[in-house]
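Participant: Quick one: sequence and predicted model below, then my questions.
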Amino acid sequence: MKTMWNLLHELHWPSVFWGAVASGILAILIIVGSRSLADFDAALVGYTFACIFCLFGTVYRYSVWLSKPPTRRYWKRGWQLLFTPSTWRLGARINLLIQGIWSRLLFQTFVLRRGKRRWLGHMLLAWGCFLGFAVTFPLVFGWIHFQQGAILPAQTYRIIFFGFHVATIPLTGLLSWSIFHALVISSVMVLAGVMIVMVRRMFDFGAVAVERFSRDFLPLLLLFAVAASGMLLWISYEWFGGQFYNALATFHAITVIAFLVYLPFGKLFHIFQRPASLGVVFYRAVGEMGHPAVCPVTGKPFGSELQTNDLKHVLPQLGFDYSAPDPNVVATSTDARSDAPASKPLPAWNEISPEGRRMVIGRVHNAIRRGKFD
């Protein structure tokens, strides 16, 4: 059993530092945005500390993720290629960025290719959660609140954001109804998405074969608990005169806090990883525009030179050595019918295409057995 000292020793302390910095910045923004807590609702203090912990865990895990050599390389390359004027025209960069945001973040076509029902469930969950986050966090932090506006000739509300009046809305109408029921709309979307995904998890044999409770069902159950308890709060207030409201509010707070604590360390962490995939879009585009990597064995292009060179840089950091220091290794120009290898050394293994690797292995076997296979 690990002791507390061992657990502390295993922490990635640079990531702890960045997580603490992010949490401190959020705490300062809460104080500033709520006008020194004048607009802060003390009843939501539990949510607030859960949000701060969630941010700490998210930044910690993200920092650990970026400390991995392949991820760090992709991350740096993505930003470098995005802001390098010599790489391509500004218009091309903006166009590619818009396409990447649309396909990978907004419309998520990569899920649509796996099935329409699966895409629908994913979109309902993604946008339902986004809407819930966009409403909940500013309200909890005291960044946004509503004040009574004019009474005559029509009642209005004033929207206050960071202490500044930003808009005035009528008390009645579709706009005000949508704003005041945004969390209800979010709950309906999340519940529908959970049901669609849950059905797939139970009846898709391919998904059933590889699923695990902690990875696949737990996040769905947490999302269901948060959305369902939030809906029950609205139903209690709207139709039952507030019966059981306090008990439901306590249960809802427990589910939300549990969800926020789980968020940085479970499957839903991919919410924060997904925007980083935009760097892969630029990486591939630049690789396709640049020089191809040509296999020295087959003489055929098999990938981008950019990726091949980056792979040579990353693999040694992971403890893999694919170089060929032995000058007697079979050369790329070795003839399969020859018994003696050429003097030219074999290049690094990752510089050879899969087809070329099979040819090299075959030539080595042929040289060892002197062309005689029983």
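Facilitator: Structure's in. What do you need? Numbers count the residues shown, from 1 in each chain.

Participant: just for this protein, where's the confidence low?
Facilitator: By pLDDT under 70, the low-scoring segments of the chain are 1-2, 86-88, 90, 324-346, 373-374.

Participant: now with 50?
Facilitator: Across the chain, the stretches falling below the confidence threshold (pLDDT under 50) are 329-343.

Participant: quick one: the strands in the stretch 151-300 of the chain?
Facilitator: Along the stretch 151-300 of the chain, the segments classed as strands by DSSP state E, counting those that start in this stretch run 156-161, 164-170, 292-294.

Participant: pretty sure residue 170 is touching residue 158, no?
Facilitator: No. Between residue 170 and residue 158 there is no contact, the gap being 11.5 Å when judged by C-beta atoms under 8 Å. Any C-beta I mention is one placed from the backbone N, CA and C, and that applies to glycine too.

Participant: that older thread, for the strands of the stretch 151-300 of the chain, which one sits closest to residue 125?
Facilitator: For those, distance to residue 125 was read as C-beta to C-beta. The smallest value, 27.4 Å, belongs to strand 156-161.

Participant: quick check, distance from stretch 102-113 to the centre of its chain.
Facilitator: For stretch 102-113, the distance from its own C-alpha centre to the chain's C-alpha centre is 13 Å (C-alpha atoms, centre = their mean, to the nearest Å).

Participant: what does that stretch rub up against?
Facilitator: The set of residues that contact stretch 102-113 without belonging to it, under C-beta atoms under 8 Å, 6 or more residues apart in numbering, is 118-119, 122-123, 126, 274-275, 277-278, 281.

Participant: Residue 136: neighbour count?
Facilitator: In terms of burial, residue 136 registers 20 neighbours under the definition other C-beta atoms under 10 Å.

Participant: In the one helix or strand residue 16 maps to, which residues are buried?
Facilitator: Using DSSP states H and E, residue 16 sits within helix 13-33. When burial is assessed from 16 or more other C-beta atoms under 10 Å, helix 13-33 yields the following buried residues: 15-16, 18-19, 22-23, 26, 30, 33.

Participant: in the chain, which residue is closest to the centre?
Facilitator: The residue lying closest to the centre of the chain (C-alpha atoms, centre = their mean) is residue 273, at 2.1 Å.

Participant: Go ahead and confirm it touches residue 61.
Facilitator: No. Here residue 273 does not reach residue 61: they are 9.3 Å apart, not a contact under C-beta under 8 Å.

Participant: anything in contact with each of the two?
Facilitator: Common contacts of residue 273 and residue 61 (C-beta under 8 Å, 6+ apart): none found.

Participant: Once you drop chain neighbours, what's closest to residue 82?
Facilitator: residue 282 (5.5 Å; C-beta to C-beta, 6 or more residues apart in numbering).

Participant: Please report how far the one you found lies from residue 74.
Facilitator: 10 Å (C-beta to C-beta, to the nearest Å).

Participant: would you list every one of the helices in the stretch 151-300 of the chain?
Facilitator: In chain order, the stretch 151-300 of the chain shows helices spanning 174-180, 182-203, 205-210, 218-239, 245-262, 270-273, 277-289, with DSSP state H, counting those that start in this stretch as the criterion.

Participant: Domain ranges for the chain, per the record?
Facilitator: Structural domains annotated on the chain: 12-67, 291-368, as defined by automatic domain parsing.

Participant: Could you export the ones you listed as JSON lines, including distance to residue 108?
Facilitator: Compiled in JSON lines, the domains of the chain are given as follows (distance: least, C-beta to C-beta, whole Å):
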{"stretch": "domain 12-67", "distance to residue 108": "20"}
{"stretch": "domain 291-368", "distance to residue 108": "25"}
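
Participant: So which of the ones you listed is nearest residue 164?
Facilitator: domain 12-67 (10.1 Å).

Participant: May I have the distance across the closest one, first residue to last?
Facilitator: Looking at domain 12-67, the gap from its leading to its trailing residue is 10 Å under the measure C-alpha to C-alpha, to the nearest Å.

Participant: roughly how far is that domain from the heart of the chain?
Facilitator: Centroid separation between domain 12-67 and its chain, computed with C-alpha atoms, centre = their mean, is 19 Å.

Participant: Ok, stretch 96-103 next?
Facilitator: Computed by C-alpha atoms, centre = their mean, the chain-centroid distance of stretch 96-103 equals 16 Å.

Participant: for the nearest residue to the residue nearest to the centre of the chain once chain neighbours are set aside, helix, strand, or coil?
Facilitator: Distances taken as C-beta to C-beta, 6+ apart put residue 65 closest to residue 273, at 7.1 Å, once the chain neighbours are dropped. Three-state secondary structure (criterion: DSSP: H, G, I helix; E, B strand; the rest coil) places residue 65 in helix.
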